[in-house]
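J.: Provided below for reference: sequence and predicted model.
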Amino acid sequence: MSLYTVNNVNQVTIGGLSATQLARQYGTPLQVFDVTMIRNQIQAFQKEFEDRGIRGIVSYASKAFSCKAIYQVVKQEHAHSDVVSGGEIATALAAGFPSTSLSFHGNNKSLAELNFAVQKGVGTIILDNFHELELLDQVLNENNTQIDVLLRVTPGVSAHTHSYIQTGQTDSKFGFDIDSGQALKAMRLSQNNPRIHLRGIHAHIGSQIFEVTGFKLEVKKLVNLLTNWSQKYQFTADILNIGGGFGIKYTHADDPLAPELLLGEILDELQVQYSKLGQPIPTIWIEPGRSIVGPAGFSLYTIGSRKDVPGLSPYVAVDGGMGDNIRPALYQADYEAVLAENPNQPPIETVRLAGKFCESGDILINHLPLPTTKTGDVLVMLATGAYGYSMASNYNRNPRPAVVFAENSQAQLVIQRETYADMIQNDLDY
Ligand SMILES: Cc1ncc(COP(=O)(O)O)c(C=O)c1O
Ligand SMILES: N[C@@H](CCCC[NH3+])C(=O)O
C-alpha cells in the first residue's frame, strides 16, 4: 500500500489535485487533507458494526485534528465526536455539530468547562475522577438538570506503543482504577446520584496500536467488570466505549492491520464474550482519532537552504518544522516524504530534513532518501494528518500553516494561514 497517489504526469496528488498546484495556490507550509480518505475510514468502521449486526458509534477523537470543517465532515458521516476541552466544544458547536453527539473527556475538566458543557447540552460526560464527580454534581444542581455519563476506567492493560503516549495502564493519570476498587466506588456514587444517568464505561489503552492482543485483554476485563456490576449491583450498562488507538502506517516499515479489520477482530471477541454470558451486546463506541485523519493528511513544504557536512548526511531545510509537526522532536516519530514532482525517481543521497525553528532537534526526518533537489522544490510529507496541526505552536513566532480540504478534485481553504497580526493581537503594551 502506497502512502500517496500520482497523476498521469507523475505528480503527487491529494484529493485528485496536484500537490505542486496546491502549494502554488495556497503557499507553503501547507496542510492538506484528502477528505475522501477521511470519509472512507469512518464508513469502513461503521461497516464493521453493521456487518455483525452490532449497534456501534464511531466517535471521532477530535484532539487528533480539530477545526470547524472536520466536525462538519464527521457530522455528514453521522458520526459522533469526542472533545477534551471547552475549546474543542466551542469549535464543534461553531461548526453546527450536534451537542448531543459530543462526549467530553479529560482528567482535569474545570468547573467552567463542565458548566459550559452542561449548558450547551453536551451529550455525554466521560467522568474521570472523584474531584470531577463533585464538580459535576455542583454544576448539575446549579443548572437543575441531568446528564448522561460514562465512567472512564483503567483496565490495567498497556498496549505496545511509544511509552510517552501510553494510557490505560494502572499507573495512569486518567480514569478510575479497576483493580483497587476506585471504579466500583465511582459507579456506586454515580448510581446513587439522581442527576447522573450512568450509561456505561469507557477505557482507552493507548495509541498507534497494531496488535489486537491488548484490545482483547481490555474487552475481556471490561466485560467481566460489567458482568460483576450487573450481578452484584443491578447496574446494566447500555454503552461500552472501548476507546481509540488503532495504529496507522507512517512509513514503509509499518505494517498495521487496516484499522477497520482491527476493529472487526475486537468486535468478534466481544461477540464471543457476550454469547458465553448469553447476554446482548451493549452499544459499542469507538474513539478513533489518528486512524481517521492521519493517513489523509499531507504536509507541503518548500525546500530552502542546504548545508553539507563532510562525512555526514546533509541538512536540507524546509519552511516548516516542529511548529507545525512536533511529533518527530517529541516522540522521535518517523515519517516519509517525497518530492511533489516525479516522486518515484531513484534517490541519490540520504538527507536530514531540517525544519526552520531555532532548535538543533528540529529535524523532521533523520534519514530521508532523495533524488537531486534544489531550492524551491515542493516536498510532501506523508501521513501527517493526526496530532500535527492540532499540536502546532507559534514557536519563534512563526505563523501556523493554512489547512486545505481537497475532495473530488476541488480544494477549499478551511483554516487560514496565521498572520503576524494574528500572533500579535493578544499582546499588550507595557
Ligand atoms: C480517551 C481517548 N480516546 C481516543 C483517543 C484517540 O486515540 P487515537 O488517535 O490513537 O485513535 C485518545 C488518544 O490517545 C484518548 O486519550
Ligand atoms: N499526541 C499523540 C497521541 C496522544 C494521544 C492522546 N491521548 C501523538 O501524536 O501520537
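T.: Structure received. Numbering: from 1, shown residues only. Ligands and ions are numbered 1, 2, ... in the order given.
J.: Would you mind pulling up the elements that the helix or strand hosting Glu218 packs against?
T.: Using DSSP states H and E, Glu218 sits in helix 213-233. Applying 3 or more C-beta pairs under 8 Å, 6 or more residues apart in numbering; DSSP states H and E, we find helix 213-233 packed against helix 182-191, strand 196-202, strand 239-241, helix 259-277. (C-beta placed from N, C-alpha, C; glycine too.)
J.: okay if I get those as JSON lines plus mean pLDDT, mean neighbour count and distance to ligand 2?
T.: Formatted as JSON lines, these follow (pLDDT from 0 to 100; neighbours: other C-beta atoms under 10 Å; distance: least, C-beta to the nearest ligand atom, whole Å):
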{"stretch": "helix 182-191", "mean pLDDT": "97", "mean neighbour count": "18", "distance to ligand 2": "19"}
{"stretch": "strand 196-202", "mean pLDDT": "98", "mean neighbour count": "23", "distance to ligand 2": "13"}
{"stretch": "strand 239-241", "mean pLDDT": "98", "mean neighbour count": "23", "distance to ligand 2": "14"}
{"stretch": "helix 259-277", "mean pLDDT": "96", "mean neighbour count": "18", "distance to ligand 2": "15"}
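J.: do you know which of these lies nearest Ile126?
T.: strand 196-202 (5.2 Å; C-beta to C-beta).
J.: sorry, back to before: can I get the helices and strands packed on helix 213-233 in a markdown table with distance to ligand 1?
T.: A markdown table is the format used below for these (distance: least, C-beta to the nearest ligand atom, whole Å):
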| stretch | distance to ligand 1 |
| --- | --- |
| helix 182-191 | 16 |
| strand 196-202 | 7 |
| strand 239-241 | 8 |
| helix 259-277 | 8 |
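J.: Any chance of CSV for these, columns distance to Thr154?
T.: Listed next are the helices and strands packed on helix 213-233 as CSV, based on distance: least, C-beta to C-beta, whole Å:
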stretch, distance to Thr154
helix 182-191, 8
strand 196-202, 10
strand 239-241, 13
helix 259-277, 18
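J.: Can you check which of the ones you listed gets nearest to Gly87?
T.: Nearest of those (C-beta to C-beta): strand 196-202, 21.1 Å.
J.: Run the angle between the closest one and helix 182-191 for me.
T.: The directions of strand 196-202 and helix 182-191 differ by 150 degrees, with axes from the mean of the first three to the mean of the last three C-alpha atoms, to 10 degrees as the criterion.
J.: Mind telling me what element Gln345 is part of?
T.: Taking DSSP H and E as the definition, one finds Gln345 inside no helix or strand.
J.: pLDDT wise, what is it at?
T.: Per-residue pLDDT puts Gln345 at 96.
J.: same thing with Ile54?
T.: 98.
J.: Could you do His105 as well?
T.: 98.
J.: repeat for Tyr164
T.: Looking at Tyr164, its pLDDT stands at 39.
J.: now swap in Gly168 and tell me
T.: If you check Gly168, the pLDDT there is 52.
J.: sorry, back to before: nearest to Asn10, of the helices and strands packed on helix 213-233?
T.: Closest among the helices and strands packed on helix 213-233, using C-beta to C-beta: helix 259-277, at 29.5 Å.
J.: ok, then the element right after that closest one?
T.: Going down the chain from helix 259-277, the next helix or strand is strand 283-286, by DSSP H and E.
J.: and the helix or strand just after that following strand, is it in reach of ligand 1?
T.: Per DSSP H and E, strand 283-286 leads on to helix 290-293 as the next helix or strand towards the C-terminus. Yes. Helix 290-293 reaches ligand 1 (C-beta under 6 Å from any ligand atom) through 290-291.
J.: Now do whatever helix or strand comes next after helix 290-293: which elements does it pack against?
T.: Downstream of helix 290-293, the next assigned helix or strand under DSSP H and E is strand 297-307. With contacts taken as 3+ C-beta pairs under 8 Å, 6+ apart, strand 297-307 sits against helix 19-26, strand 30-34, strand 315-318, strand 378-381.
J.: Can you give me the neighbour number for the closest residue to Gln31 other than its chain neighbours?
T.: Of all residues not flanking Gln31 in the chain, Val403 sits nearest, at 4.5 Å (C-beta to C-beta, 6 or more residues apart in numbering). Other residues lying near Val403 total 25 when counted by other C-beta atoms under 10 Å.
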